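In: A structural model of the following input is requested.
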Amino acid sequence: DVGANLFVGNLDPEVDEKMLYDTFIIFGVITVTPKIMRDPETGESRGFGFISYDCFEASDAAIEAMDGKFFCNRQITVTYALKKGSKGERHGSEAERLLAAKNNQNRVPQMYGGYPGGAMPMGF
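Out: As a prediction, the model looks like this:
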């Protein structure tokens with residue numbers, strides 16, 4: 001996990017995970033299906049959710065483009081999510097970015113089925 005995890009607040013109750021995904025995918029690769037937090041008893045949205053990207057460039061672009069913008073008639077907040085178990089520390093710190101950059105340098109591209117990343121060329 002890179003740590004490019006975003007909090008999206010003040011969501012309209014009608015916004016679902018697909019709508020969040022479809023809106024935020026333009027900024028980069030989303031690594032986990034977006035999660036909208038819901039009331040466990042009613043299933044209604046609690047008005048916020050989370051999105052995780054594969055890199056900080058994508059999450060930075062999403063914050064820059066979407067924070068404070070209107071989405072389904074509500075002005076939303078988009079910022080780095082708080083780290084679980086921390087005392088107010090957010091994802092996106094300089095230390096996390098350095099660690100992610102170092103890990104990317106050591107990664108070997110995965111090959112599945114003879115195609116980088118497992119993607120097959122169009123037309124097959």
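
In: pLDDT weak spots in this structure?
Out: The chain contains residues with pLDDT under 70 at 1-2, 104-124.

In: which residues of it fall in helices?
Out: Ranges of helices in the chain, per DSSP state H, are 17-24, 56-66, 94-106.

In: Between helix 56-66 and the shortest one, find me the angle.
Out: It refers to helix 17-24. When axes from the mean of the first three to the mean of the last three CA atoms, to 10 degrees is applied, the directions of helix 17-24 and helix 56-66 differ by 100 degrees.

In: Who are the packing partners of helix 17-24?
Out: strand 30-38, strand 45-53, helix 56-66 (3 or more CB pairs under 8 Å, 6 or more residues apart in numbering; DSSP states H and E). (C-beta placed from N, C-alpha, C; glycine too.)

In: so what's G49 closest to, chain neighbours aside?
Out: Leaving aside its chain neighbours, G49 sits nearest to I36 (3.9 Å; criterion: CB to CB, 6 or more residues apart in numbering).

In: For the one you found, give its distance to F48.
Out: Between I36 and F48 the computed distance is 8 Å (CB to CB, to the nearest Å).

In: now E41
Out: 17 Å.

In: Looking only at neighbour counts, state which of these two leads.
Out: Between E41 and F48, F48 has the larger neighbour count (other CB atoms under 10 Å), namely 16 against 6.

In: Report the contact partners of C55.
Out: V2, A4, G28, V29, A100 (CB atoms under 8 Å, 6 or more residues apart in numbering).

In: Same check on L99?
Out: L99 neighbours (CB under 8 Å, 6+ apart): G3.

In: For D60, see how far away it is.
Out: Applying CB to CB to L99 and D60 gives a distance of 16 Å.

In: what is in contact with I36 and F48 at once?
Out: Joint contacts of I36 and F48 (CB under 8 Å, 6+ apart) are L11.

In: How many neighbouring residues does the residue nearest to V29 when sequence neighbours are not counted have?
Out: Nearest non-adjacent residue to V29, counting by CB to CB, 6+ apart: D54, 4.2 Å away. When counting by other CB under 10 Å, one arrives at 17 neighbours for D54.
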